[in-house]
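A.B. asks: Provided below for reference: sequence and predicted model.
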Amino acid sequence: MRRTKIVATLGPATDTQKTLESLIAAGLDAARLNYSHGHIDEHEARARAVRRGARRAGREVSIIADLQGPKIRLQRFRNGPIVLAEDARFVLDTSLGADAGDERRVGVTYKDLPKDVKRGDTLLIDDGRIVLRVERVAGTAITTTVVAGGELSNNKGLNREGGGLSARALTAKDRRDLQHAVRQGCDYLALSFPRSAEDVHTARRLLDRAGGAGIGIIAKIERAEAVDAADDIIDAADGIMIARGDLGVEIGDSRLPPVQKQLIKRARRRHRFAITATQMMNSMIDAPLPTRAEVFDVANAVLDGTDAVMLSGETSVGRYPERAVAAMARICIEAEKQWTEYEPDSMLDASFTRVDQAIAMSAIYCANRIGVKAIAALTESGAVTRWMSRIDTDIPIFALSRNPQTLRRVTLYRGVQPMDFDVTAVHYTEVTREVLAQLTAIGAVARGERVILTKGDLHGHSGGTNGMKIVTVGEFVEHVG
């Protein structure tokens, strides 16, 4: 089984039911709705198509609603794209009309930009392709010198080198989109440009008020400030997405690889999942095969221990969406054969305040040492399998739950497979027998093989896992005293 999960962004290229179902067949685990683009009607149709396709395939596929956030952009040019020459003067003016840009100046969507920059700052346009040095700030106008020029077209993104822009993480549009995501039954909310844990807490409160208390939050690490506050942000969220586009612009491309590795490790140690995103196989927007460099990029993320890898334009607008998912799946499977956790016993010295967490860690420790074929965890919330997935093992972990949202949420946990199982519908003396029968029916285990089962005395109660047993398929007999 492939342990690393695949997230794919939906868009015009995936809008037929046939194409979407081909992505699921190729290995899609989570579908991303990008609220930076498209109309809410399109997101609704795509969410319905995911649910329909997953039912037909007999699989669980989670849906991630990715908020736009305070993406700072230039406004538009009245006569089309311009060309900026090196050493030329160029003005960013927040009071300029939306379509009034020309060769000398252009408007900006973020009206407080003049308050956030000063002489000597470096502004990066279009993912750093255009570089401007701030010379003077006067009122609404920021006068710059072009350090690196080129063609500049409408609506390009703007970053300050080193971060420091104070735009709030949740805009008015984000708050509306959040409520829409709850109504669509999304499983995760991706929060763009958080600067601190408080941004995550704010999103959590908004979800609760909107009736989405069960929706997980993915904090996108894409600001320089977010790297500095990473531990607090990770603790506040359910998982992180390493959004390498804006992050690379703000911290510099040379820092990006070590920061990616550190963020994945920190997420694992803090019992959260990590998604590695942005331009993983960007050439496949137009090409049927990835470049060798892209193959290495995906493989290295897997070797770093990421829970999931993500496709963006490759599937949303690309010519070969199914091939992109299939290629990513192939690379993950091969890379997983080589991956070894450098700190396999990193949790041995940890102290646990929860019984279910102690059981989860014990199960993985035992499974890695006694030749277990599968781990089956009866779970209401999925938390016990998330803890299990933080320590590497090539043994499949099955999350058995009666809760549909739990089954979908575990699709982002490395090495965890969801399985529908209603423990309340089985007599407590027959639970183990039924679990083994279900695992045998899908070919996960065979007679004579060992299985670790974790469960609680109070069936159907979240946080109740308090027991672990090791059983052999075909030899198990339940003893009731």
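C.D. replies: Arrived safely.

A.B. asks: mind listing what Leu74 touches?
C.D. replies: 92, 101, 106-109, 125, 152, 154-156, 158 (Cβ atoms under 8 Å, 6 or more residues apart in numbering). Glycine gets a C-beta too; all of them are placed from N, C-alpha and C.

A.B. asks: Show me which of these are buried.
C.D. replies: Burial by neighbour count, judged by 16 or more other Cβ atoms under 10 Å, picks out 92, 101, 106-109, 125, 152, 156, 158 from the contacts of Leu74.

A.B. asks: Pipe those into TSV and attach distance to Ala85, pLDDT and secondary structure per row.
C.D. replies: Output for those, formatted as TSV (distance: Cβ to Cβ, whole Å; pLDDT from 0 to 100; DSSP: H, G, I helix; E, B strand; the rest coil):
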residue	distance to Ala85	pLDDT	secondary structure
Leu92	17	98	strand
Gly101	16	97	strand
Val106	15	98	strand
Gly107	21	97	coil
Val108	21	96	strand
Thr109	25	93	coil
Ile125	14	96	strand
Leu152	11	96	strand
Lys156	17	94	coil
Leu158	19	96	strand
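
A.B. asks: Relative to Val131, which of those residues is nearest.
C.D. replies: If you rank the buried ones among the contacts of Leu74 by distance to Val131 using Cβ to Cβ, Ile125 comes first, at 7.5 Å.

A.B. asks: surely that closest one meets Arg160?
C.D. replies: No - if you go by Cβ atoms under 8 Å, Ile125 and Arg160 don't touch, sitting 11.0 Å apart.

A.B. asks: list residues touching both of the two?
C.D. replies: Common neighbours of Ile125 and Arg160 (Cβ under 8 Å, 6+ apart) do not exist.

A.B. asks: Report the separation between the residue nearest to Met1 when sequence neighbours are not counted and Val445.
C.D. replies: Spatial nearest neighbour of Met1, chain neighbours left out: Pro396 (5.2 Å); criterion: Cβ to Cβ, 6 or more residues apart in numbering. For Pro396, the distance to Val445 equals 9 Å [Cβ to Cβ, to the nearest Å].

A.B. asks: Also Lys71?
C.D. replies: Going from Lys71 to Val445 by Cβ to Cβ gives 48 Å.

A.B. asks: okay, these two: which has more neighbours?
C.D. replies: Using other Cβ atoms under 10 Å, the more surrounded residue of Lys71 and Val445 is Val445, with 24 against 18.

A.B. asks: Let me know whether the more buried one touches Val451 as I believe.
C.D. replies: Yes - using Cβ under 8 Å, Val445 is in contact with Val451, at 5.7 Å.

A.B. asks: tell me, what's touching those two both at once?
C.D. replies: Joint contacts of Val445 and Val451 (Cβ under 8 Å, 6+ apart) are 373-374, 436, 439, 473.

A.B. asks: quick one: contacts of the helix ranked longest in the chain?
C.D. replies: Scanning the chain for the longest helix, with DSSP state H as the assignment, gives helix 40-57. By Cβ under 8 Å, 6+ apart, the residues outside helix 40-57 that reach it are 10, 14-15, 17, 20-21, 24-25, 31, 33, 35, 60-61, 63, 65, 177, 180, 184-186.

A.B. asks: before we move on, back to that, tell me, what's touching Pro396 and Val445 both at once?
C.D. replies: Contacts common to Pro396 and Val445, judged by Cβ under 8 Å, 6+ apart, are Ala374.

A.B. asks: Go ahead and confirm Glu161 touches Val117.
C.D. replies: No - Glu161 is beyond contact range of Val117, at 10.4 Å (criterion: Cβ under 8 Å).

A.B. asks: Mutual contacts of those two, please.
C.D. replies: Leu123.

A.B. asks: what are the ranges of the helices in the stretch 251-400 of the chain?
C.D. replies: 256-269, 292-304, 313-316, 321-336, 355-367, 383-388 (DSSP state H, counting those that start in this stretch).

A.B. asks: In terms of mean pLDDT, which of the ones you listed ranks lowest?
C.D. replies: Note on the helices of the stretch 251-400 of the chain: lowest mean pLDDT is at helix 355-367, with a mean of 90.

A.B. asks: now Leu10: how far from Asn155?
C.D. replies: 21 Å.

A.B. asks: now Gly239
C.D. replies: Relative to Asn155, Gly239 is positioned 29 Å away (criterion: Cβ to Cβ).

A.B. asks: any chance of the helices of the stretch 251-400 of the chain in TSV, plus distance to Val431?
C.D. replies: Output for the helices of the stretch 251-400 of the chain, formatted as TSV (distance: least, Cβ to Cβ, whole Å):
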stretch	distance to Val431
helix 256-269	31
helix 292-304	35
helix 313-316	40
helix 321-336	31
helix 355-367	16
helix 383-388	15
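
A.B. asks: re earlier: averaged pLDDT, the longest helix of the chain. What do you get?
C.D. replies: pLDDT averaged over helix 40-57 gives 97.

A.B. asks: Just the buried residues of it, please?
C.D. replies: Per 16+ other Cβ under 10 Å, helix 40-57 contains these buried residues: 43, 46-47, 49-51, 53-54.
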